[in-house]
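Peer 1: predicted structure and sequence below. I'll ask about it afterward.
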Amino acid sequence: MRLRIAAILVGLCSGLPGSAYAQWGIPDGVKTAAVQGYPLAYQEAGSGEPIVLVHGSLGDYRIWYAQVPVLSKQYRVLSLSLRHYYPERWDGVGEDFSISQHAADVAT
C-alpha cells in the first residue's frame with residue numbers, strides 16, 4: 001500500500017503536462033491524460049491541425065500504426081486507447097465500460 005501511495009505522489013508531483021497515474025505499465029512512447037479520473041493512454045505524432053483516431057471494439061491505439069506516419073506528415077495525430085483497453089489489463093469489474101462513457105471520454 002505504501003508503494004502505491006508513493007507512486008501516486010510521484011505521478012502527481014511530476015509536473016508533466018498530459019501525464020496521469022496509471023495502475024498498469026505504460027509502454028515507451030505512450031502518454032496518458034487524466035480524463036474524468038481515468039488515465040487515458042494515447043500516442044501523439046506530427047503537428048498542425050489535430051486528428052483523433054479512435055479504434056473499434058477489437059483494437060486499441062496500436063491499430064493505427066500504418067496510418068500514423070502518413071497522416072503525421074501534415075497533421076497532429078492523436079491515436080488513443082479507450083477506457084479499459086490496452087495497455088490496461090482490465091478485470092471486467094466496474095460499470096464504466098459503455099459506448100456513452102467512451103464517447104464522453106473522447107469528447108473530453
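Peer 2: Perfect, thanks for sending it.
Peer 1: low-confidence stretches in this structure?
Peer 2: For the chain, applying pLDDT under 70 flags the ranges 1-22.
Peer 1: need the helices for it, in chain order.
Peer 2: 2-13, 68-71, 99-107 (DSSP state H).
Peer 1: only the buried residues of the shortest one, if you could.
Peer 2: The one in question is helix 68-71. Along helix 68-71, these residues count as buried under the neighbour rule (16 or more other CB atoms under 10 Å): 68, 71. (Glycine included, C-beta is placed from N, CA and C.)
Peer 1: please state the offset of that helix from the chain centre?
Peer 2: 18 Å (CA atoms, centre = their mean, to the nearest Å).
Peer 1: same thing with stretch 42-62?
Peer 2: Distance, centroid of stretch 42-62 to centroid of chain: 9 Å (CA atoms, centre = their mean).
Peer 1: and the end-to-end length of it?
Peer 2: 9 Å (CA to CA, to the nearest Å).
Peer 1: same deal with stretch 69-77?
Peer 2: Using CA to CA, the end-to-end distance of stretch 69-77 comes to 9 Å.
Peer 1: alright, that wraps it up for me.
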